[in-house]
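Chemist: no sequence on hand, only this structure:
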Ligand SMILES: N[C@@H](CCC(=O)N[C@@H](CS)C(=O)NCC(=O)O)C(=O)O
């Protein structure tokens, strides 16, 4: 399986982290999201949505949307439970991550830490901040009673939410204000196969230049 991703992106990291937990070998092909490559004809031919990550399966099919890829990879494992209600609860968190968490936590991190011009985004950052804090409060309240987001063991809901929550401070959020979130991040980082986001690319899998 080939993953086209940018190693600074939490959405791309989700795929690499789950693959590591599942023991799936993947080949990482680095695409610089800031270079405009996702608008190129080549990239749009493999993902008309124009976004990273994209996974190329063995039959040359391409699959986009990070959380859809998590579901695909985790099928048949405890990371994507069989039981109907648990499955729906996992989906609840995956949809919530994309609509109520990622747009505020990941986007603010991008503007502050990666865009190279945070001052150009000052008003957008100020508008997003309360929504990001609301998302972190929601997670903190939920995790005060539980070890994992859904059920009794980690699932792809934890992977999806871990990706950008653990780097929220890069966007100026204060995780000390959310002790249950901090304890959950520690549990995620303590899992035996855990792989940090900043793992050098060579260790993710060999990097190949993209066309
Ligand atoms: N909902 C998508 C979001 C993907 C996304 O926003 N990817 C960013 C990088 S994290 C991207 O490719 N941006 C490039 C662009 O918008 O041109 C997912 O979860 O995969």
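Modeler: It's in. If you're wondering where the values come from, they're calculated on a predicted model, not measured in any experiment.

Chemist: report whether the helix or strand harbouring residue 92 contacts the ligand.
Modeler: Element membership of residue 92, judged by DSSP states H and E, is helix 84-96. No. Helix 84-96 lies out of reach of the ligand by C-beta under 6 Å from any ligand atom, never closer than 9.3 Å. Any C-beta I mention is one placed from the backbone N, CA and C, and that applies to glycine too.

Chemist: run through who's touching that helix.
Modeler: Here helix 84-96 makes contact (C-beta atoms under 8 Å, 6 or more residues apart in numbering) with 67, 70-71, 80-81, 149-151, 155-157, 160-161.

Chemist: now these in JSON lines, with pLDDT and distance to residue 186?
Modeler: Compiled in JSON lines, the contacts of helix 84-96 are given as follows (pLDDT from 0 to 100; distance: C-beta to C-beta, whole Å):
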{"residue": "67", "pLDDT": "98", "distance to residue 186": "23"}
{"residue": "70", "pLDDT": "98", "distance to residue 186": "22"}
{"residue": "71", "pLDDT": "98", "distance to residue 186": "26"}
{"residue": "80", "pLDDT": "97", "distance to residue 186": "23"}
{"residue": "81", "pLDDT": "96", "distance to residue 186": "23"}
{"residue": "149", "pLDDT": "98", "distance to residue 186": "15"}
{"residue": "150", "pLDDT": "98", "distance to residue 186": "18"}
{"residue": "151", "pLDDT": "97", "distance to residue 186": "19"}
{"residue": "155", "pLDDT": "98", "distance to residue 186": "18"}
{"residue": "156", "pLDDT": "98", "distance to residue 186": "19"}
{"residue": "157", "pLDDT": "99", "distance to residue 186": "17"}
{"residue": "160", "pLDDT": "98", "distance to residue 186": "18"}
{"residue": "161", "pLDDT": "98", "distance to residue 186": "14"}
